[in-house]
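J.: Compute the structure for the input listed below.
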Amino acid sequence: MRQHLSRKRGDVIGDRYILEDVLGLGGMGVVFSAQQTSLARRVAVKLPRSDLGQHDVMTRRFQTEARVAARLSHRNVMAVLDGGDCRGMPFLVMEQARGQLLSRVLKERRMFEPLIAIDIVAQLLDALSAVHSADVVHADIKPENLFVESAGSSMFVRLFDFGVAQIVSERAGPSEMLYGTPEYIAPELIRGQRPSPSSDIYAAGIVLYELLTGVTPFAGGMSQEVLARHLQMEVSPPSRVRPGAGPMAALDLVTQRSIEKNPLHRFPDARTFADELRAAGRALQQPLGTAPLQIERLRAEATRSSDEAVRAYLALARALVHDDQLSRAASELEQAVGLLCAWTEAGQAPRGLWRIYLTLGALYAQLGDVGRARRLASIAHHQALVAKSRLGEQRARALLVRLGDELAPPSVGTT
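T.: Here you go, the predicted structure:
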């Protein structure tokens with residue numbers, strides 16, 4: 001790291017900040033712990049990396065971050081306390097928070113329990129709501145720009161690094177610069193549009209996906225390959241990537257809406273996203289209910305044969321629906337799809353597989369995910385044709401009509 005530094009421990013910045021240890025190294029800056037002599041307090045001082053030289057882009061970033069900081073005051077946004085120029089070198093002074101970067105914690109844990117992931121991203125969205133209300137777009141949301149402090153079983157989150165932030169009212173015309181980090185860049189930015197609150201929402205959705213599964217949905221290969229996946233690839237819901245995490249249907253819906261490729265299909269603002277995310281968290285904490293059906297017994301029965309699996313999971317879904325737990329019912333049937341696909345690959349496809357897809361489609365229709373409901377109804381129709389079930393064909397067609405869709409060719413095995 002030494003080659004990136006022109007300053008060292010003991011150097012004085014702005015006549016009042018004595019540098020101590022390096023806290024972190026970013027794309028354009030180095031952050032030191034420091035003592036502010038005038039107030040006898042510890043702060044964090046951000047300086048340019050020496051290996052990048054002195055140039056206008058770096059200076060503009062520091063100036064932008066200082067100007068944005070003047071607009072913001074929120075508990076989940078790292079406060080910038082001071083800034084200036086020290087013998088031709090720009091610097092920023094921030095509060096020094098306890099804790100560590102979310103990226104570092106994620107590397108150690110690999111993924112988070114759903115409720116903790118929800119809490120972290122909901123706090124990020126609280127910060128973004130304040131940022132967007134101040135006419136600012138962060139434009140580089142990622143775990144490396146989130147600081148987390150453990151507080152018992154929960155975490156306190158702070159957003160920082162506004163070096164590429166945009167003040168909405170000051171921009172015009174298309175952008176020639178691609179803002180952000182490839183794994184978190186919204187499709188519209190790849191197409192040349194400028195950052196917007198919706199692109200921040202998209203990046204926050206990618207962070208949520210990563211915390212839940214341990215991976216970003218489009219990662220792998222060269223940057224151009226990652227960018228192409230943002231534009232073209234459909235994403236599996238987190239519950240598919242992280243099997244055994246429990247009922248996550250409501251959380252799947254929230255996550256996938258946040259990373260819709262069309263900005264108009266995402267949440268309209270960070271506050272709505274946060275509210276829906278917290279509601280999904282409450283759904284995860286609901287008790288199983290008072291249905292006279294034992295989930296473990298049914299799961300045991302589901303392993304006996306493919307036809308028993310269909311019967312057991314449909315019974316479980318009916319019990320959960322009776323208890324008004326639609327999200328849990330959908331999540332259980334999602335698990336059933338995975339199990340039954342394994343039976344099918346083993347040459348033991350159940351004749352009633354269409355019932356699982358059709359019931360799951362009806363549940364998603366009730367939960368408001370019409371697009372997924374249509375795909376499932378189409379798959380159910382295909383499965384009914386395979387099973388030569390006239391009843392299945394009729395019911396699948398009826399659901400498609402109710403959803404206002406023509407019968408489309410199914411994408412078998414995907415939901």
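J.: So this structure: which segments form each domain?
T.: Listed by automatic domain parsing, the domain ranges of the chain are 2-95, 100-283, 297-402.
J.: In which helix or strand does residue 31 reside?
T.: strand 29-36 (DSSP states H and E).
J.: List of residues touching that strand?
T.: 4-5, 7, 13, 16-25, 41-49, 62, 93-94, 96, 163 (C-beta atoms under 8 Å, 6 or more residues apart in numbering). Just so you know, the C-beta spots here come from the backbone N, C-alpha and C atoms, and that holds for glycine as well.
J.: could the domains of the chain go into JSON lines alongside mean neighbour count and mean pLDDT?
T.: Putting the domains of the chain into JSON lines (neighbours: other C-beta atoms under 10 Å; pLDDT from 0 to 100) gives the following:
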{"stretch": "domain 2-95", "mean neighbour count": "16", "mean pLDDT": "81"}
{"stretch": "domain 100-283", "mean neighbour count": "19", "mean pLDDT": "89"}
{"stretch": "domain 297-402", "mean neighbour count": "20", "mean pLDDT": "79"}
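J.: how about the strands in the chain?
T.: 12-13, 17-25, 29-36, 41-48, 80-86, 89-95, 100-101, 136-137, 146-151, 154-159, 166-167 (DSSP state E).
J.: Who does the fifth one pair with, and is each partner parallel or antiparallel?
T.: The one in question is strand 80-86. Strand 80-86 has its sheet partners listed here by DSSP bridges as strand 89-95 (antiparallel).
J.: can I get the CA coordinates of the strand it pairs with in CSV?
T.: Only the C-alpha atoms of strand 89-95 are listed here, as CSV (Å, rounded to 0.1, in the frame of the first residue of the first chain):
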residue,chain,number,x,y,z
MET,A,89,-3.8,18.8,-2.4
PRO,A,90,-7.5,18.6,-1.7
PHE,A,91,-8.6,16.9,1.5
LEU,A,92,-11.9,16.0,3.3
VAL,A,93,-12.4,15.4,7.0
MET,A,94,-15.1,13.0,8.1
GLU,A,95,-16.4,11.6,11.4
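J.: how far is that strand from where the chain is centred?
T.: 30 Å (C-alpha atoms, centre = their mean, to the nearest Å).
J.: Which residues does that strand contact?
T.: 6, 13-14, 17, 31, 34, 36, 43-48, 54, 58-59, 62-63, 65-66, 69, 78-85, 160.
J.: can you give me the helices in the stretch 251-400 of the chain?
T.: 270-284, 295-302, 306-322, 326-345, 353-367, 370-387, 390-402 (DSSP state H, counting those that start in this stretch).
J.: What helices and strands are in contact with the longest one?
T.: Applying 3 or more C-beta pairs under 8 Å, 6 or more residues apart in numbering; DSSP states H and E, one finds that helix 326-345 contacts helix 238-241, helix 249-258, helix 270-284, helix 295-302, helix 306-322, helix 353-367.
J.: now the angle between helix 353-367 and it, please.
T.: On the basis of axes from the mean of the first three to the mean of the last three C-alpha atoms, to 10 degrees, helix 326-345 is oriented at 160 degrees to helix 353-367.
J.: Same check on the third one?
T.: Using the same axes, to 10 degrees, the inter-axis angle of helix 306-322 relative to helix 353-367 is 20 degrees.
J.: Measure how far helix 306-322 is from the centre of its chain, please.
T.: The answer for helix 306-322 is 31 Å, by C-alpha atoms, centre = their mean.
J.: Equivalent analysis for the last one, please.
T.: Averaged C-alpha coordinates place helix 390-402 at 35 Å from its chain's average position (C-alpha atoms, centre = their mean).
J.: Tell me which other helices or strands it touches.
T.: helix 353-367, helix 370-387.
J.: Can you add distance to residue 102 and give the ones you listed back as CSV?
T.: As requested, the helices and strands packed on helix 390-402 are arranged in CSV below (distance: least, C-beta to C-beta, whole Å):
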stretch, distance to residue 102
helix 353-367, 30
helix 370-387, 30
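J.: residue contacts, the closest residue to residue 333 other than its chain neighbours?
T.: Leaving aside its sequence neighbours, residue 333 sits nearest to residue 360 (C-beta to C-beta, 6 or more residues apart in numbering; 4.4 Å). Residues in contact with residue 360, defined by C-beta under 8 Å, 6+ apart, are 330, 333, 334, 337, 376, 415.
J.: how about 10 Å then?
T.: Applying C-beta atoms under 10 Å, 6 or more residues apart in numbering, one finds that residue 360 lies in contact with 249, 313, 317, 329-334, 336-337, 372-373, 376-377, 379-380, 415.
J.: cool, residue 263 as well?
T.: 186, 187, 188, 193, 196, 197, 198, 199, 201, 202.
J.: Can you give me the distance of it to residue 214?
T.: Distance, residue 263 to residue 214, using C-beta to C-beta, to the nearest Å: 27 Å.
J.: again with residue 190
T.: 24 Å.
J.: what do you get for residue 135?
T.: Taking C-beta to C-beta, one finds residue 135 at 35 Å from residue 214.
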